[in-house]
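> A structural model of the following input is requested.
(chains A and B)
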Protein chains: 2
Amino acid sequence: MDLRRDSNVPLYRQLADGLANEIRRGRLLPGTLLPGARGLAVEFGVTRKVVSAALDELCAQGWMTSEPRRGTFVATGLPLHGFAQAEIEQHQLAARVTDAVVTAGPSLRLDDGLPDPRLSPLDALSQAYRDAVSRLARQGLGYGDPRGDSALRDVLSNFVNQARGLVSTPDRVLLTRGSQMALFLTSRTLVPDGAFVAVENPGYESAWNAFSLAGAQIVHVDVDDEGMSIAHLKECLNQRKISAVYTTPHHQYPTTVSLSRDRRVELLKLARDHDFVIIEDDYDSEFYYSTCPPLPLCAADEFERVVYIGSFSKLLAPGVRLGYLMAKEAVVERAARVRSALDRLGDPALERAVAYLIEDGELQRHSRKARKVYAKRRDAFIQGLARDVALARWFQFSEPQTGLAVWVRARSSVDMTAWSARARGLGLDFVPGDRHVNGGTPVAAFRAGYASLNPAELERALRLLAESAPV
Amino acid sequence: MDLRRDSNVPLYRQLADGLANEIRRGRLLPGTLLPGARGLAVEFGVTRKVVSAALDELCAQGWMTSEPRRGTFVATGLPLHGFAQAEIEQHQLAARVTDAVVTAGPSLRLDDGLPDPRLSPLDALSQAYRDAVSRLARQGLGYGDPRGDSALRDVLSNFVNQARGLVSTPDRVLLTRGSQMALFLTSRTLVPDGAFVAVENPGYESAWNAFSLAGAQIVHVDVDDEGMSIAHLKECLNQRKISAVYTTPHHQYPTTVSLSRDRRVELLKLARDHDFVIIEDDYDSEFYYSTCPPLPLCAADEFERVVYIGSFSKLLAPGVRLGYLMAKEAVVERAARVRSALDRLGDPALERAVAYLIEDGELQRHSRKARKVYAKRRDAFIQGLARDVALARWFQFSEPQTGLAVWVRARSSVDMTAWSARARGLGLDFVPGDRHVNGGTPVAAFRAGYASLNPAELERALRLLAESAPV
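Numbering: from 1, shown residues only, chains lettered A, B, ... in the order given. The predicted structure is shown next:
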């Protein structure tokens, strides 16, 4: 651990952060008794006061516990931190992974279902961004339309109309900072303060956070192998007024099942009968591996009841923050008013750049190419899972027809959190399925994104997964 | 007017939008009686049904009024629309202005105090963006830290510490989508739902909107020629608990006065005594024309009570959406959690690109260069205002020592809304001061941004302003 005396960060913080990192790395295991303050002071070349301050900090943060007369221990059962905390940690982890490449071979991550930016046309995006800045600068690159760049709203409408059977127009489009902001804006615009949004459970926790931030209350609806349970939704509707239902029908997050045809019809009918809005999150529908992907719910509804949400983040890279919501004009106008107060407008240059990529067919070419690559990676991953004797003994799954991830279920009860901790120790990261369940109820499953790893990496990931299996 | 039959937009909407545009352009004047439906149908080559639908739409939107047996008139006293609507219109106007360049000579705008992107290092920004994408792609360009790119948080801390006497560290920085999002996040993080934020009046309406969206209630505090009235603030503090005070001490928005030294001291003391947070919006402090600009309030407070908000939008271009808040670490961490639910994270590539521009000294060079140019433009504008006999008769102003705008006050009561409507007819846009006053109380003043116009344009703007004076 490298403490920097010339840093703005006080020594005790550096020490605390460093020790927390060791815990995250799995090098300091839960339950470990730490050496005394004097020993640590000598080891790190600091005063005992700095050591005490660092340990106090770690105890306050929950990383350690102090027991009178026994000493300081690494905490057991470390809680899942808030979303931001997890993201911060993930980022620190990613930075470490990059460092680790040099020293000990790369760590791998079975992520949430992210694309592989190594395949993305990022050079073309940079070039298009340059063209866009240069074009927009001539008009002042000023504050623009809070609904977003008109050129992108135009080509995007045509794009989704052709590819997904919608009937959008530029005035039905609001460009957002990734789908996350679209979720917030939709809830804020259509769900009264304190009213209820029904969500799938297991489901997308980030969406629940967006709705809560927007002032909504959450109702959790069960999911089975046909998607959201309409029977359970009906029960919920009988108990209380529900203003909106959030769903991922194309392939449910996290379980990847497609909402069955009958349930689609029923859901749309319920929306009319019970006067609620359907928030359809179509988060990576570009990636389908059967010849005939289902159309969005919205295609059958023509924006009467459905707000349709999409994103470019899965097509380009998660760090390219560009999503959209599509809805009736009046809804888009109201959402634009909220958006004005939130961040005024999006990034005009990025929006225009993506418009250029679509106009040039670049994004469509990339989508076709990536789909083929991801289909092969899916096959490699699920065949590997099925072929490996140790893994096949533990896991089962349904072959996903769309998307970038598999929902891997254990055949019997097993502590996936412990499994993931062991895997992390070996250099493989994955998030146990609890993260996607309301209240963090343990679930013997996890979501495995296969798209961002190449075949060699997938093979290694499977080996590490098998090696970290319970003995 | 060009109606497109192959468009997704119905004909009646195209016609309605076209007519609304004619009103905005000043070519259809308030009170004008329209020809009958049959005449309009012939003129535009559409059916009478289309004409009727368009007129109904325009009446519903308030652009027109229909009087039985008399016909349809362009509405008089057209209301100021909501913020979003105004932005949308402004954008349409800008598009029109661009078109107009070809046909009838450019329209000019005395804007809100925007920079001139013609001077900005946008090529360097594009190049840096490309470098950043290429660098970040190697790490996956994934979801990163919700506080923003660590490289930019790092250089930005050093930058503000050196330039503005702060004591920031990277952990005290949260990068946001322009200052607008920083305002929302600060309020949401530090002001309980329904609690009060005191703001300057006249002041920055967009900030009020951000606070309202975040759930706060607004208390308006008077402004005089020393900035926010501390006496009035004290009265408000006696009447109710105030959780935060929003202020623009460097040069008050919109009046450009600097908060006096005594009031700064008093405000900081009040914050301790009454336990409120000061939200300091230092929106374009790069631009000062005296040798010794005042330091931010925050410099005297070291983030104990002050949340410091800044932006790159005024340094680069309004369309470059990058701002920041600086606060105690604990506040930054809480705000990062809100931000995660809002849009997950910022634009990592743009953030890194700006870090490169600062590291290379590019932004600092631009800032020095622009400051000199803007000082000359300020002089040209205020000398022109003072020299023109017609204008000098109507207006007075205090010479602004900082920023990009002048607060131009009428010497006697005059209807600035009518004046701005006449000016718009001649090709000069400016926003009457009412926009910055709570409740839109008429105020015989307006904010004139001089920085985005070159000397020839400023001269023309002054001439048009004089030509549209009341007769």
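
> the helix ranked longest in chain A vs chain B: in contact?
Taking DSSP state H as the assignment, the helix of chain A that covers the most residues is helix A:362-387. No - using Cβ under 8 Å from any Cβ of the partner chain, helix A:362-387 stays clear of chain B, coming no nearer than 13.8 Å. (C-beta placed from N, C-alpha, C; glycine too.)

> stretch A:337-347 too?
Yes - counting by Cβ under 8 Å from any Cβ, chain B is contacted by stretch A:337-347 at A:337-347.

> and those residues, which is closest to B:Gln383?
A:Arg344 (33.0 Å; Cβ to Cβ).

> tell me the contacts of the closest one?
A:143, A:146, B:87, B:177-178, B:180, B:206, B:321 (Cβ atoms under 8 Å, 6 or more residues apart in numbering or on different chains).

> again with A:Ser157
Taking Cβ under 8 Å, 6+ apart as the contact definition, A:Ser157 lies against A:168-170, A:172-173, B:8.

> next step: these restricted to strands.
A:Val173 (DSSP state E).

> now for the contacts of A:Ser157: which two are most distant?
Maximum distance among the contacts of A:Ser157 (Cβ to Cβ): 11.3 Å, for A:Val173 and B:Asn8.

> who's more crowded, those two?
A:Val173 (25 against 16; other Cβ atoms under 10 Å in any protein chain shown).

> hmm, A:Ala151 and that one touching each other?
No - between A:Val173 and A:Ala151 there is no contact under Cβ atoms under 8 Å: 11.4 Å.

> point out where chain A drops to low pLDDT.
A:25-26, A:77-106, A:291 (pLDDT under 70).

> find the centremost residue of it, please.
A:Asp112 (5.9 Å; Cα atoms, centre = their mean).

> surely that one touches A:Gly449?
Yes - counting by Cβ under 8 Å, A:Asp112 touches A:Gly449, with 5.5 Å between them.

> find the residues that touch each one of the two.
A:Ala405.

> just give the nearest non-adjacent residue to A:Tyr356, would you?
A:Ala128 (4.2 Å; Cβ to Cβ, 6 or more residues apart in numbering or on different chains).

> count of neighbours near A:Arg24?
Neighbours around A:Arg24, by other Cβ under 10 Å: 17.

> name the element it belongs to?
helix A:11-25 (DSSP states H and E).

> may I see the buried residues of that helix?
A:11-17, A:19-24 (16 or more other Cβ atoms under 10 Å in any protein chain shown).

> closest to chain B out of those?
For those, the residue nearest chain B by Cβ to the nearest Cβ is A:Arg13; the value is 8.3 Å.

> mind listing what A:Arg38 touches?
A:Arg38 sits in contact with A:Arg48, where contact means Cβ under 8 Å, 6+ apart.

> 10 Å instead, please
If you count contacts by Cβ atoms under 10 Å, 6 or more residues apart in numbering or on different chains, A:Arg38 has them with A:48, A:51.

> that one: what secondary structure?
helix (DSSP: H, G, I helix; E, B strand; the rest coil).

> that one and chain B: what is the separation?
Distance of A:Arg38 to chain B, given as Cβ to the nearest Cβ, to the nearest Å: 29 Å.

> number of nearby residues for A:Thr47?
13.

> nearest residue to it in space, ignoring adjacent ones along the chain?
Nearest residue to A:Thr47 in three dimensions, chain neighbours excluded: A:Ala41, at 6.1 Å (Cβ to Cβ, 6+ apart).

> mind checking the SS state of that neighbour?
Per three-state DSSP, A:Ala41 ends up helix.

> for A:Leu19, see how far away it is.
13 Å (Cβ to Cβ, to the nearest Å).

> over to A:Leu3?
On the measure of Cβ to Cβ, A:Leu3 and A:Leu19 end up 11 Å apart.

> between the two, what contacts are shared?
A:Phe44.

> what residues of stretch A:123-138 count as buried?
Applying a neighbour-count criterion of 16+ other Cβ under 10 Å, one finds A:124-130, A:132-133, A:135-137 buried in stretch A:123-138.

> can you put the residues you listed in CSV and add secondary structure and distance to A:Val221?
Output for the buried residues of stretch A:123-138, formatted as CSV (DSSP: H, G, I helix; E, B strand; the rest coil; distance: Cβ to Cβ, whole Å):
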residue, secondary structure, distance to A:Val221
A:Ala124, helix, 41
A:Leu125, helix, 38
A:Ser126, helix, 42
A:Gln127, helix, 45
A:Ala128, helix, 41
A:Tyr129, helix, 41
A:Arg130, helix, 46
A:Ala132, helix, 42
A:Val133, helix, 45
A:Arg135, helix, 46
A:Leu136, helix, 44
A:Ala137, helix, 48
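
> and of the residues you listed, the nearest to A:Ala469?
Among these, and counting by Cβ to Cβ, the member closest to A:Ala469 is A:Leu125, at 40.6 Å.

> quick one, what contacts that closest one?
With Cβ under 10 Å, 6+ apart, A:Leu125 has these contacts: A:132, A:312, A:316-317, A:320, A:350, A:353-354, A:356-357, A:362-363, A:366, B:129-130, B:133, B:137, B:349.

> repeat for A:Ala195
A:Ala195 sits in contact with A:187, A:215-217, A:240-244, A:276, where contact means Cβ under 10 Å, 6+ apart.

> pull the distance from the lengthiest strand in chain A to the chain's centre.
The longest strand of chain A (DSSP E) is strand A:217-224. Between the centre of strand A:217-224 and the centre of its chain there are 18 Å (Cα atoms, centre = their mean, to the nearest Å).

> before we move on, back to that, most surrounded residue in the contacts of A:Ala195?
That'd be A:Ser187 among the contacts of A:Ala195, by other Cβ under 10 Å, with 26 neighbours.

> leaving out chain neighbours, which residue sits closest to it?
A:Ala214 (3.8 Å).

> which one of the buried residues of helix A:11-25 sits closest to A:Ser258?
A:Arg24 (36.1 Å).

> that closest one touches A:Trp63, doesn't it?
Yes - if you go by Cβ atoms under 10 Å, A:Arg24 and A:Trp63 touch, sitting 9.1 Å apart.

> check the gap between the nearest residue to A:Val443 once chain neighbours are set aside and chain B for me.
Spatial nearest neighbour of A:Val443, excluding adjacent residues (Cβ to Cβ, 6+ apart): A:Gly433 at 4.2 Å. Distance of A:Gly433 to chain B, computed by Cβ to the nearest Cβ: 19 Å.

> surely A:Gly433 touches A:Val406?
No - with contact defined as Cβ under 10 Å, A:Gly433 does not count as touching A:Val406 (11.9 Å).

> list residues touching both of these two?
Contacts common to A:Gly433 and A:Val406, judged by Cβ under 10 Å, 6+ apart, are A:254-255, A:446-447.

> could I get the contacts of A:Ala195 as CSV with secondary structure and distance to A:Ser120?
Shown next, in CSV, are those (three-state DSSP; distance: Cβ to Cβ, whole Å):
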residue, secondary structure, distance to A:Ser120
A:Ser187, helix, 30
A:Gly215, coil, 36
A:Ala216, coil, 34
A:Gln217, strand, 38
A:Arg240, coil, 43
A:Lys241, coil, 43
A:Ile242, strand, 38
A:Ser243, strand, 37
A:Ala244, strand, 33
A:Phe276, coil, 37
